[in-house]
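[1] prediction below, plus the sequence it came from.
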Amino acid sequence: MVKREIKRFRNSIEKYLDPFAIVAMILVLIIPALAVLNLSPVSKEGVKTNKNVLGESDSSELGFAMVGGVHDYIKEENLDYPEDSLYTYEATIIKHNKGRYSKPILQIENSGSVEQTLLVSGTLETPNNMEVSLILDDKSYRLVSREGEPFTISIKVPSQSQEIAYLQLVSNTDSLFNNHVNIQFTQK
């Protein structure tokens with residue numbers, strides 16, 4: 001009788017202790033995994049860190065990104081990086097009527113703490129009485145004259161800034177053929 005009571009008591013205890021034993025086993029497996037994840041480095045976005053750390057230097061590179069978008073007269077845009085500190089923008093200018101046309105082409109970013117100098121030069125495949133300019137920060141810089149003469153200009157890009165560069169075309173006559181423009185950006 002006592003043995004039967006002990007067996008019944010043990011069965012009732014096992015019925016309640018088994019779920020706790022299963023939870024304890026799961027915790028034994030999960031707690032070490034959480035400890036390892038907690039030791040992993042975490043990067044927090046939006047938190048500004050101090051960049052003036054011994055052994056760390058500012059990036060002196062300018063960042064270039066295509067703006068893109070659709071335009072009636074500027075097509076087949078391409079941005080290439082043939083060498084360090086040299087960026088080449090190419091586009092096809094579709095035949096158009098006389099007038100003034102502009103399109104945002106590039107976003108130029110200087111994330112460093114020093115002002116950067118940028119040399120910009122442009123060429124047209126076939127000069128056809130069209131002036132090509134670059135507009136940056138509401139200033140117009142002529143790259144190709146109406147006679148097809150190329151110019152090289154120097155532009156200062158302030159530190160911690162993002163600028164949008166616009167390509168501007170000014171034609172006094174109708175353009176009957178497609179043309180190609182090539183603009184080179186060299187970081188000095």
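    Received it, and whenever you're ready, just let me know what you need. Numbers count the residues shown, from 1 in each chain.

[2] need the residues that contact stretch 103-116.
    51, 58-67, 69, 71, 74, 77, 79, 89, 91, 118, 136, 156-167, 185, 187-188 (CB atoms under 8 Å, 6 or more residues apart in numbering). C-beta here means a position set from N, CA and C on the backbone, and glycine is covered the same way.

[3] now list the buried members of those residues.
    62, 64, 71, 74, 77, 79, 89, 91, 118, 136, 157, 163, 165-167, 185, 187 (16 or more other CB atoms under 10 Å).

[4] OK, contacts around residue 95?
    174, 175, 176, 177, 178 are the contacts of residue 95 under CB under 8 Å, 6+ apart.

[5] residue 11 falls within a helix, correct?
    Yes: assessed by DSSP: H, G, I helix; E, B strand; the rest coil, residue 11 belongs to a helix.

[6] that one: neighbouring residues, count only.
    9 (other CB atoms under 10 Å).

[7] from residue 9, how far out is residue 1?
    13 Å (CB to CB, to the nearest Å).

[8] so between the two, which is more surrounded?
    Counted by other CB under 10 Å, residue 1 and residue 9 do not tie: residue 9 has more neighbours, with 10 against 5.

[9] report pLDDT for the nearest residue to residue 147 once chain neighbours are set aside.
    Distance criterion CB to CB, 6 or more residues apart in numbering; nearest residue to residue 147, sequence neighbours excluded, is residue 127 at 6.4 Å. pLDDT recorded at residue 127 is 81.

[10] please consider this matter closed, and thank you.
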